[in-house]
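Q: Mind looking at a prediction? Sequence and model below.
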Amino acid sequence: MTSRPAAGGGRWVSVGPDRIEGWLRRFAERHGSVEAVLEEDVVRLSAEDGSVAECHVPFPPLAPAGDDLLPALVRHSKVERRVGVLLVRLGGHAAGVFEGERLVVSKVGSRLVHGRSAAGGWSQHRFARRREKQASEASQAAADVAVRVLVPHAGTLDAVVLGGDRRAIDALREDRRIEAVFALETGPFLDVPDPRLAVLQETPARFRAVRIRVIDPEA
């Protein structure tokens, strides 16, 4: 379980599927009786002492049976889905298909892209052109890996999770070969370091977790 401050107040907590039931129980034990309502793709818990927990449903929508929102959220989070992951940063990329937490197919690669030059004049222009060419080749390599790894499985995937650098990902969106991949896009966008195999293997802990914004009552 991880925690970080939330913009606008409160804090974000990420809770894995195996811990969400206990987390919800302890929230009620600490803060008193809880009322749960479903607001689009968020299960909002309002506790007796004024505390609020906004549970963002992973892989929405949530289809509760009757009024049993919390048991439905727990069951929903534990489903072992088939998920594609595409991570791209300038010069590095990784793609994989997961069944639950198990990585069943993957490809990781990198391309050299020089950093920006502080030199001026024609030298700087030549360097900028070379860097632009390197960036284009790196983007093409990332798209090729997505075609190789994800496109053949697109018809069997429940969702695709993206991550890395948003600009690097957006540069791939116009490639018609991977339209089927982007059509399955779901959140959250994963902010990860250079995409390596170890980074890819750790992504299920993030995309399967229930992200919860906890807002404590004002003193």
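A: Nice, thanks for sending it over. Residues are numbered from 1 along each chain as shown.
Q: For residue 82, see how far away residue 155 is.
A: Per CB to CB, to the nearest Å, residue 155 is found 10 Å from residue 82. Any C-beta I mention is one placed from the backbone N, CA and C, and that applies to glycine too.
Q: Neighbour count: the two, which is higher?
A: Each of residue 155 and residue 82 has its neighbours counted (other CB atoms under 10 Å); residue 82 has more, 14 against 8.
Q: Now do the contacts for the more buried one.
A: By CB atoms under 8 Å, 6 or more residues apart in numbering, residue 82 lies in contact with 97, 98, 99, 153, 156, 157, 158.
Q: In contact with the third one, which residues?
A: Going by CB under 8 Å, 6+ apart, residue 99 touches 80, 82.
Q: Please name the bridge partners of it.
A: Under DSSP bridges, the beta-bridge partners of residue 99 are residue 82, residue 102.
Q: i'd like the first residue to be 387 from this point on
A: Okay, residue one is now 387; in that scheme the one you just asked about reads as residue 485.
Q: Distance check, it against residue 576.
A: As for residue 485, its distance to residue 576 is 18 Å (criterion: CB to CB).
Q: The fifth one too?
A: When distances are taken as CB to CB, residue 542 and residue 576 turn out to be 21 Å apart.
Q: the more surrounded of the two?
A: With neighbours defined as other CB under 10 Å, residue 542 and residue 576 compare such that residue 576 has more, 18 against 10.
Q: The nearest residue to that one once chain neighbours are set aside: which element?
A: Closest residue to residue 576 apart from its sequence neighbours, by CB to CB, 6 or more residues apart in numbering: residue 549 at 2.9 Å. Using DSSP states H and E, residue 549 maps to strand 545-550.
Q: now for that strand, which elements pack on it?
A: If contacts are counted by 3 or more CB pairs under 8 Å, 6 or more residues apart in numbering; DSSP states H and E, strand 545-550 sits against strand 468-475, strand 571-576.
Q: the strands in the chain, which residues?
A: Listed in chain order, the strands found in the chain under DSSP state E are 388-391, 397-401, 420-425, 428-433, 438-442, 468-475, 478-485, 488-496, 545-550, 571-576, 596-601.
Q: Out of these, the one nearest residue 454 is which?
A: Distance to residue 454, taken as CB to CB, is lowest for strand 420-425 among the strands of the chain, at 9.2 Å.
Q: Also compute the angle for that closest one relative to strand 438-442, please.
A: Going by axes from the mean of the first three to the mean of the last three CA atoms, to 10 degrees, strand 420-425 is angled at 40 degrees with respect to strand 438-442.
Q: What residues sit buried inside strand 420-425?
A: Residues of strand 420-425 classed as buried: 420, 422, 424 (neighbour count, 16 or more other CB atoms under 10 Å).
Q: No further queries at this time; thank you.
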